[in-house]
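> sequence plus the predicted model coming up.
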Amino acid sequence: MAAGDYLAAQAKELENSGDKQTQRVIDSAKFLADNLQDAPALVIPCLEGVPPEGTPIGGIAAMMASIFPAVWSFQLALRARGLGSCLTSLHLMNAPLAAEILGIPDNIMQVALLPVAYTKGTDFKKAKRPPASSIIHWNGW
Ligand SMILES: Cc1cc2nc3c(=O)[nH]c(=O)nc-3n(C[C@H](O)[C@H](O)[C@H](O)COP(=O)(O)O)c2cc1C
């Protein structure tokens, strides 16, 4: 499935929700999908080892947990040097095709794709987020 089709399906689902912030994120994702090819660098973090079929979800979560701190540190290091990045996972729907194009061996698992570029200026605005209390749970759910 192409990014456009996936995002169109998501947008349709949210059509009547009236959630403006989510709509902004979808618009931003569409813009990124249309312009990704112009980023000067696309970084694909990878793990060595592909979980065998039937691996419990906890095993997959543990593998992801072993790489995302490094991905986040990479993003912070970029930021400190005037570069911006965006964590994406949409291309994973076509990971085998990306592996073929890039010559990524079979025992390597792609986990994300980050376009990287110098930012246009540094006049960033604070993103609107739901209150932390609405997503944090203490000692129970
Ligand atoms: C695991 C993960 C995967 C994501 N995948 C995509 C993606 O494929 N495409 C996309 O446009 N945004 C994706 N995002 C969202 C962007 O990274 C980013 O959070 C979003 O554009 C909103 O920007 P903000 O977090 O600065 O508000 C993903 C975020 C996470 C955490």
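Looks like it arrived, so ask away. Numbering: from 1, shown residues only.
> what's near enough to touch Pro105?
Ala99 (CB atoms under 8 Å, 6 or more residues apart in numbering). Every residue, glycine included, has its C-beta placed from N, CA and C.
> at 10 Å instead, please
46, 48, 50, 99 (CB atoms under 10 Å, 6 or more residues apart in numbering).
> close to the ligand, is stretch 61-80?
No. Stretch 61-80 stays clear of the ligand (CB under 6 Å from any ligand atom), getting no nearer than 8.0 Å.
> over stretch 125-141, what's the mean pLDDT, rounded is fine.
In this model, stretch 125-141 has a mean pLDDT of 91.
> hmm, who's touching that stretch?
In contact with stretch 125-141 (CB under 10 Å, 6+ apart) are residues 20-21, 24-25.
> what segments of this protein are helices?
Along the chain, the stretches classed as helices by DSSP state H are 3-14, 20-35, 57-65, 68-80, 95-102.
> chain center to the second one, what's the gap?
So the one you mean is helix 20-35. With CA atoms, centre = their mean, to the nearest Å as the basis, helix 20-35 stands 13 Å off its chain's centre.
> and that helix, what does it pack onto?
With contacts taken as 3 or more CB pairs under 10 Å, 6 or more residues apart in numbering; DSSP states H and E, helix 20-35 sits against helix 3-14.
> so how far is Val25 from the nearest residue to Val71 once chain neighbours are set aside?
For Val71, ignoring the flanking residues on the chain, the nearest one in space by CB to CB, 6 or more residues apart in numbering is Pro45 at 5.1 Å. Plainly put, Pro45 is 22 Å away from Val25 if you go by CB to CB, to the nearest Å.
> next up, the contacts around the nearest residue to Leu47 once chain neighbours are set aside.
In space, and not counting its chain neighbours, Leu47 is closest to Met109: 4.7 Å by CB to CB, 6+ apart. By CB under 10 Å, 6+ apart, Met109 lies in contact with 45-51, 60, 63-64, 67, 92, 95, 99.
> which bits of this structure sit near the ligand?
Counting by CB under 6 Å from any ligand atom, the residues of the chain that sit close to the ligand are 25, 28-29, 32, 86-90, 127.
> narrow the residues you listed to just the buried residues.
Buried members of those, counted by 16 or more other CB atoms under 10 Å: 29, 32, 86, 88, 90.
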